[in-house]
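S.K.: no sequence on this one, just coordinates:
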Ligand SMILES: Nc1ncnc2c1ncn2[C@@H]1O[C@H](COP(=O)(O)OP(=O)(O)O)[C@@H](O)[C@H]1O
Ligand SMILES: C=C(OP(=O)(O)O)C(=O)O
Ligand SMILES: [Ca+2]
Ligand SMILES: [Mn+2]
């Protein structure tokens, strides 16, 4: 509330005065208007909700492919959910029932509980075999809003209609707490050891944590279950089930995974992969391998993921991405941590980059079709998005610079950890009080020019994004295939604060394949596939610095988004391919001398530095960091012979 100099607070909005109409009869009388067709208040309220086609099929609805009766199908579905929730030591699953335990009056009309409602006894955990777990199955966004607002502290509707939520103590991923079960198969198949994101746990520890999560979930009055898909390529679609305790998590995954149609849901059957998100409950530090109260555990053999001790929703989508990084290469499909869009003429571009480098921002382009902002597959048929939604950073979001993302923040969108005005519920995107890593998760069709289905032909341009806090990489360079591989394997950026828990200032980071946190196999496996595909389909590689210019972080400034967009436009249109190039020293990068709409002097970073000596020193320092980092990869072979490996090694900095 603003002070007005008198010490008396100004009312935030004066209410209109109530005026009585003097001309009308002064006598009070009953409303003589037509009365509703209801005898009781319950009946009246039952009129409010029309039976409709919900995300969960109505009883009696016969789907196009239905082969069993609706009752039988619903029974099978509940049995499948009960099996998902079963304790593996007690053998049987809990008694599950559909619907909200609290919504008694709703239940008589609710499509989800009509047949199966059983009074839920309020009991203690020790009576778990007697209690019912209420299942809220594939609820609609509106239903999830109601659940969040009624039961989850920190849930509010913002002025644009989005659901503001809080992820709790963790506001970013916890890569040091992500663990993978090592068994006879994964021991040989996966990448372990130095540089690998895969921290091992044994099968037994996984089961301990799984049981902990399942017991926690079953101790609750209700759980949310989402049955959805990953991957828009119909031949390589994966069925996922997400069991979670929060409406926030359910709505997040509703937005981020592919939403099934009613027919697809009727025939969903058994999921290929299941997430148990018990993020509100910690893991037990006395459990072997646990080093904190957080653990994100992946078991590829069981096709399960368990989350304990973190409610950050991004953990679910990125956990599934890791699974895709395992499953897809087995089918000769390359999984990519990249954004992807397509021009009017069908030219596809990939945007690789670590968190905060611009995948979401630059793939969301009003003049192009959006295929996806973060996770893709490249198969023999072209590209496909893995997800059904986007997860945009919204720190300092502005309507002018990022109109499509701004407009996507409306009803249905989950807004994580943002700060809003108590009264107007307008979001202050500049406010970092909760975290720097504020996020919006929305279905991809909230972007007006989304390409549905989210698939496209083979990429023409492969853009590697690096946010260089040192300010020595050029705003854009054209890469040879060997250079593309060198920079792809290096995966350099100066990590921007926030997304990974604990990082508060930009630091130079190398993350193989621009996503070491998610890759399962050795980086050279993915690099070899990328090289082969780029060669086969004639794609051009580019390195774009979305980071600093005019000096390092602290002295210079981040390159204007408007300039980066002009650079990207020139790549898409093909005009940059025909520009005049000069070669830089040390990194040997080909840089254009002019780009329409971009001041030419910024194209060579040396021009923007006041202190040329400092520039040279910083350039050499960064080159040294690249060299050190690449040592891990020098012994690995990429491709069929050693030729490409040697070329890749030679494509790094020379000094
Ligand atoms: N020149 C630039 N290019 C790209 N992004 C920029 C630039 N300058 C500032 N930004 C900001 O950096 C952030 C990039 O984040 P985002 O696109 O979400 O990255 P990613 O999807 O790769 O994690 C956005 O908040 C964007 O507004
Ligand atoms: C969700 C994430 O992705 P990105 O920052 O790449 O958009 C993340 O890294 O947690
Ligand atoms: Ca990402
Ligand atoms: Mn992103």
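M.R.: Received the coordinates, thanks. What you see is a predicted model, and the numbers here were worked out from it, not measured in a lab. Residues are numbered from 1 along each chain as shown. Ligands and ions are numbered 1, 2, ... in the order given.

S.K.: pretty sure residue 341 sits against residue 361.
M.R.: No: Residue 341 lies out of contact with residue 361 (CB atoms under 8 Å); the separation is 11.5 Å. For the C-beta atoms, the positions are set from N, CA and C on the backbone; glycine is no exception.

S.K.: more neighbours: which of those two?
M.R.: Remark: of residue 341 and residue 361, residue 341 carries more neighbours, 27 against 24, as counted by other CB atoms under 10 Å.

S.K.: what packs against the strand or helix carrying the more buried one?
M.R.: Element membership for residue 341, per DSSP states H and E: strand 334-342. Here strand 334-342 touches helix 314-330, strand 348-352, helix 359-363, strand 369-372, strand 375-379, strand 382-385, helix 523-537, going by 3 or more CB pairs under 8 Å, 6 or more residues apart in numbering; DSSP states H and E.

S.K.: out of the ones you listed, nearest to ligand 2?
M.R.: helix 314-330 (3.7 Å; CB to the nearest ligand atom).

S.K.: and the strands in the stretch 351-500 of the chain?
M.R.: 369-372, 375-379, 382-385, 389-393, 414-416, 419-420, 427-428, 439-443, 455-456, 459-466, 476-479, 492-495 (DSSP state E, counting those that start in this stretch).

S.K.: confidence-wise, which of those strands is weakest overall?
M.R.: Lowest mean pLDDT within the strands of the stretch 351-500 of the chain: strand 492-495, at a mean of 85.

S.K.: and it, what does it pack onto?
M.R.: Looks like strand 492-495 contacts strand 459-466, strand 507-510 (3+ CB pairs under 8 Å, 6+ apart).

S.K.: try it again at 6 Å.
M.R.: Using 3 or more CB pairs under 6 Å, 6 or more residues apart in numbering; DSSP states H and E as the contact test, the elements touching strand 492-495 are strand 507-510.

S.K.: how about the strand it packs on: buried residues?
M.R.: 508-510 (16 or more other CB atoms under 10 Å).

S.K.: go on, stretch 535-546?
M.R.: Across stretch 535-546, burial judged by 16+ other CB under 10 Å covers 539-546.

S.K.: tell me, how many residues neighbour the residue lying closest to residue 37 once chain neighbours are set aside?
M.R.: With CB to CB, 6 or more residues apart in numbering as the criterion, residue 37 has its nearest non-adjacent residue at 7.6 Å, and that residue is residue 47. By other CB under 10 Å, 11 other residues sit near residue 47.

S.K.: returning to what we had before: in a markdown table: the buried residues of strand 507-510, plus pLDDT and distance to ligand 1.
M.R.: As requested, the buried residues of strand 507-510 are exported to a markdown table (pLDDT from 0 to 100; distance: CB to the nearest ligand atom, whole Å):
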| residue | pLDDT | distance to ligand 1 |
| --- | --- | --- |
| 508 | 88 | 17 |
| 509 | 93 | 13 |
| 510 | 95 | 16 |
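
S.K.: closest to ligand 2 among these?
M.R.: The closest of these, once distances to ligand 2 are taken by CB to the nearest ligand atom, is residue 509, at 12.1 Å.

S.K.: quick check: beta-bridge partners of that closest one?
M.R.: Under DSSP bridges, the beta-bridge partners of residue 509 are residue 493.

S.K.: any idea how far it is from residue 317?
M.R.: 21 Å (CB to CB, to the nearest Å).

S.K.: check residue 653 too.
M.R.: Taken as CB to CB, the span from residue 653 to residue 317 is 34 Å.

S.K.: now swap in residue 293 and tell me
M.R.: For residue 293, the distance to residue 317 - CB to CB - is 22 Å.

S.K.: contact partners for whichever residue of the stretch 551-655 of the chain sits closest to ligand 4?
M.R.: Taking CB to the ion as the measure, the stretch 551-655 of the chain has residue 561 as its residue closest to ligand 4, at 14.5 Å. Contact analysis of residue 561 by CB atoms under 6 Å, 6 or more residues apart in numbering lists residue 401.

S.K.: how far away is it from residue 365?
M.R.: 12 Å.

S.K.: where in the stretch 101-250 of the chain is pLDDT low?
M.R.: Applying pLDDT under 70 to the stretch 101-250 of the chain flags residues 103-130.

S.K.: tell me the bridge partners for the residue in it that ligand 4 sits nearest to.
M.R.: For the stretch 101-250 of the chain, the residue closest to ligand 4 is residue 173, as judged by CB to the ion, at 12.3 Å. In this entry, residue 173 is beta-bridged to residue 500, by DSSP bridges.

S.K.: and the longest helix for this structure?
M.R.: Longest helix in the chain, counting residues (DSSP state H): helix 612-630.

S.K.: noted, bye for now.
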